[in-house]
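Visitor: predicted model and sequence below, questions to follow.
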Amino acid sequence: MTPLPLTDIWTLLSGTPLLGLTVTLIAYLCGGWLFKRSRQHALANPVLIAIVLITLLLWATETPYPRYFESASLIHFLLGPATVALAVPLHAYWRRLRQMALPLLLALLAGSATAAFSAMIIADLLGASPETVHSLAPKSVTTPIAMGVAEQIGGIPSLTAVLVILTGILGAVGFPAFFRLLRIRSHAAQGFAVGLASHGLGTARAFLVSEEMGAFSALAMGLNGILTAVFLPLLLHR
C-alpha cells in the first residue's frame, strides 16, 4: 500500500477540531525547549521559533492560513482572558507602581509618541506612500488595536498587522543586548520600555526574565494601547 503524501495526510487531519491548537502548542513547547537549551539566548525566543515552525509546516503541507487559523481559533479567543490575567502580577507590584506613577506617565507619553511618529517620519523621508506611513503609526500596540487604528487613520490594516508582528519579534529578540549596551539593569525600567515598544511579544519575553519585568511590561502594553487607540485617530484622522 502506497503511503499518503504529507500534504494529503494534513488535508485529512485539517478538518479535525483543535488540530491547529495542538500544532501551535507543540511548536511553542519546542521553542521553549530550545530556549532553555540555548541558555535563554535572545535568538531562541520561543514565540519566534513557534512562528517559524508553524510557517514551515503550513508551507510544506500547502495549507492556507485561514484554514489553520480556524482550527486554532481557541487560542485567539483566549487572548482576551490572558490579557486580563496580566493584572494578577501587576497587583503584586501595586505599591511600587504608585511610587513610580509620575516617571511612568512621562515615559508612557514620550515612548508612545516616539514609537508612532519616529516611524512615520522615517518612512516619509524614505518616500513611502501616505497609506504605508499611516500603517506604521500603530506598530507598537497589540494587533487588534493596531489594525483598528490603521483603518481609522487611512492605513492598510493587513500591512499594519505584519508590521506589528515584526516589531514585536525584533523587540523581543533585541532588548537584552540593547539594555546591556545602555547599562540599564532595573527590571521595572526594562519591562516598561519593552511593553511600550514591543507589545505582547515583548511582554511574553519579559515574563521569561522575571515576574517584575513582565508586570511592568504588561502595564506599559495596556496603557500604550489605550493611549494610541484614543489619541492617534484624533491626531491623524484622514
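Guide: Arrived safely.
Visitor: which residues are in contact with stretch 121-139?
Guide: Here stretch 121-139 makes contact (CB atoms under 8 Å, 6 or more residues apart in numbering) with 115-117, 119-120, 145-146, 149-150, 153-157, 159-160, 163-164, 166-167, 228, 232, 236, 238. Glycine gets a C-beta too; all of them are placed from N, C-alpha and C.
Visitor: for Ala197, grab the count of nearby residues.
Guide: 26 (other CB atoms under 10 Å).
Visitor: three-state assignment of it?
Guide: Following DSSP: H, G, I helix; E, B strand; the rest coil, the label given to Ala197 is helix.
Visitor: residue contacts, it?
Guide: For Ala197, counting by CB under 8 Å, 6+ apart, the contacting residues are Gly111, Ala115, Ser140, Thr167, Gly171, Phe175.
Visitor: Thr160 now?
Guide: By CB under 8 Å, 6+ apart, the contact list for Thr160 reads Ser135, Leu136, Pro138, Lys139, Ala146, Met147, Val149, Ala150.
Visitor: would you turn these into JSON lines with neighbour count and secondary structure?
Guide: Output for the contacts of Thr160, formatted as JSON lines (neighbours: other CB atoms under 10 Å; DSSP: H, G, I helix; E, B strand; the rest coil):
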{"residue": "Ser135", "neighbour count": "31", "secondary structure": "helix"}
{"residue": "Leu136", "neighbour count": "25", "secondary structure": "helix"}
{"residue": "Pro138", "neighbour count": "34", "secondary structure": "coil"}
{"residue": "Lys139", "neighbour count": "27", "secondary structure": "coil"}
{"residue": "Ala146", "neighbour count": "28", "secondary structure": "helix"}
{"residue": "Met147", "neighbour count": "21", "secondary structure": "helix"}
{"residue": "Val149", "neighbour count": "26", "secondary structure": "helix"}
{"residue": "Ala150", "neighbour count": "28", "secondary structure": "helix"}
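Visitor: how about these, which pair is most distant?
Guide: Leu136 and Met147 (13.0 Å; CB to CB).
Visitor: re earlier: buried subset of the contacts of stretch 121-139, written for PyMOL?
Guide: Only the buried entries of the contacts of stretch 121-139 go into this PyMOL selection, using 16 or more other CB atoms under 10 Å:
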select buried, resi 115+116+119+120+145+146+149+150+153+155+156+157+159+160+163+164+167+228+232+236
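Visitor: quick one: Val47 and Ser198, what's the gap?
Guide: As for Val47, its distance to Ser198 is 11 Å (criterion: CB to CB, to the nearest Å).
Visitor: shared neighbours of the two, which are they?
Guide: Gly168, Ala172, Arg205.
Visitor: just give me the neighbour total for the first one.
Guide: Using other CB under 10 Å, Gly168 is surrounded by 27 other residues.
Visitor: repeat that for the last one.
Guide: Arg205 has 28 neighbouring residues, counting by other CB under 10 Å.
Visitor: same thing with the second one?
Guide: A total of 26 residues lie near Ala172 under the criterion other CB under 10 Å.
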